[in-house]
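*Asks:* I would like to see how this sequence folds:
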Amino acid sequence: MLSSDRTERMDEGSRLFDGFEWRTIVSARRQPNGAWLTHFEGLSSRDAAEALSGRVLSAAPIDDPDALWVHELIGAEVRDLAGVSHGRCVAVLDNPAHDLLELDGGALVPMVFVRSNRDGVITIDPPEGLFDLG
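*Replies:* Residues are numbered from 1 along each chain as shown. Alright, predicted model coming up:
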């Protein structure tokens, strides 16, 4: 399963790291179950491909200055537009409507309210009362 919304990571010529070496994609197509059937350069037999089964693949960071990356959000201080601190982000939770920032105090902040993430500070524009809920 692809744990990214950036499907271009599966484009022909893209490179993924299998934990030991970089692999170049020759072709890839999404299966009905959401998995990807991928042919990597240098893997010409089924046995060679099956030897890699189950490995977690990763990709180099994408240069996108407007993107919010989970690894950059975790640990960052969360402040509203007035500069009031609401704690630190301890996790980003997958949610059907919007991913959620989980703060160290237990509050959940929908990503739709995030305005920026710079220098270890996530700036949010939450609706009135968000932090008053239980």
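*Asks:* drop to CA atoms for contacts and neighbour counts, all remaining ones
*Replies:* Noted.
*Asks:* how's this structure carved up into domains?
*Replies:* Domain assignment of the chain by automatic domain parsing yields the ranges 7-50, 70-132.
*Asks:* Please produce JSON lines containing those, extended by distance to P61, mean pLDDT and mean neighbour count.
*Replies:* JSON lines is the format used below for the domains of the chain (distance: least, CA to CA, whole Å; pLDDT from 0 to 100; neighbours: other CA atoms under 10 Å):
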{"stretch": "domain 7-50", "distance to P61": "10", "mean pLDDT": "92", "mean neighbour count": "14"}
{"stretch": "domain 70-132", "distance to P61": "11", "mean pLDDT": "94", "mean neighbour count": "16"}
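*Asks:* now the ones you listed as JSON lines including distance to A60?
*Replies:* As requested, these are exported to JSON lines (distance: least, CA to CA, whole Å):
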{"stretch": "domain 7-50", "distance to A60": "8"}
{"stretch": "domain 70-132", "distance to A60": "13"}
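*Asks:* G75 is in contact with V90, isn't it?
*Replies:* Yes. G75 lies in contact with V90 (CA atoms under 8 Å); the separation is 5.9 Å.
*Asks:* where do the strands sit along the chain?
*Replies:* Using DSSP state E, the strands of the chain run over residues 15-17, 22-30, 36-40, 77-80, 85-93, 100-103, 108-110, 114-118, 121-124.
*Asks:* Tabulate these (CSV), appending distance to D47.
*Replies:* CSV is the format used below for the strands of the chain (distance: least, CA to CA, whole Å):
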stretch, distance to D47
strand 15-17, 19
strand 22-30, 16
strand 36-40, 13
strand 77-80, 48
strand 85-93, 37
strand 100-103, 41
strand 108-110, 44
strand 114-118, 44
strand 121-124, 46
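*Asks:* Provide the backbone phi and psi angles at the residue of the chain most remote from its centre.
*Replies:* Centroid-distance maximum for the chain: S45 at 31.5 Å, with CA atoms, centre = their mean. Main-chain torsions, S45, degrees, to the nearest 10: phi -130, psi 160.
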